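Student: predicted model and sequence below, questions to follow.
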Amino acid sequence: MRAIKTSRSNHAVGEIYKSHAKLNLHDPENKYRWADERPWWLTPLQVVGFVATGVGLTLCLYYATVILFLL
């Protein structure tokens, strides 16, 4: 029985972990942003949202207590 040769080259195991290996095969020119690279304005926006949520919940509990005692 003869072996069928393919056009693929035979890579050694662990070749991808070497420092000279080209890892970014789908975007070699780095045109696209990775998912873990967040924009700079997102962190301040999250802080403002956290503070607004705290203030909103505090006011909601306050007014619910006032309405409960006035009825």
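Tutor: Cool, got the structure. Numbers count the residues shown, from 1 in each chain.
Student: what is the neighbour count of Gly49?
Tutor: A total of 10 residues lie near Gly49 under the criterion other Cβ atoms under 10 Å. Heads up, the C-betas are built off the backbone N, CA and C, glycines and all.
Student: next, work out how far apart it and Gly56 are.
Tutor: 10 Å (Cβ to Cβ, to the nearest Å).
Student: next: Pro44.
Tutor: On the measure of Cβ to Cβ, Pro44 and Gly56 end up 18 Å apart.
Student: then Val48?
Tutor: Val48 is 12 Å from Gly56, by Cβ to Cβ.
Student: same check on Val47?
Tutor: Relative to Gly56, and taking Cβ to Cβ, Val47 is found at 15 Å.
Student: now swap in Tyr32 and tell me
Tutor: For Tyr32, the distance to Gly56 - Cβ to Cβ - is 37 Å.
Student: cool, Lys31 as well?
Tutor: 40 Å.
Student: so which of these two has more stuff around it?
Tutor: Taking other Cβ under 10 Å, Lys31 and Gly56 do not tie; Gly56 has more neighbours (10 against 6).
Student: next up, the contacts around that one.
Tutor: The contact partners of Gly56, by Cβ atoms under 8 Å, 6 or more residues apart in numbering, come to none.
Student: where's it, which helix or strand?
Tutor: Using DSSP states H and E, Gly56 maps to helix 42-70.
Student: now that helix: average pLDDT?
Tutor: For helix 42-70, the mean pLDDT works out to 95.
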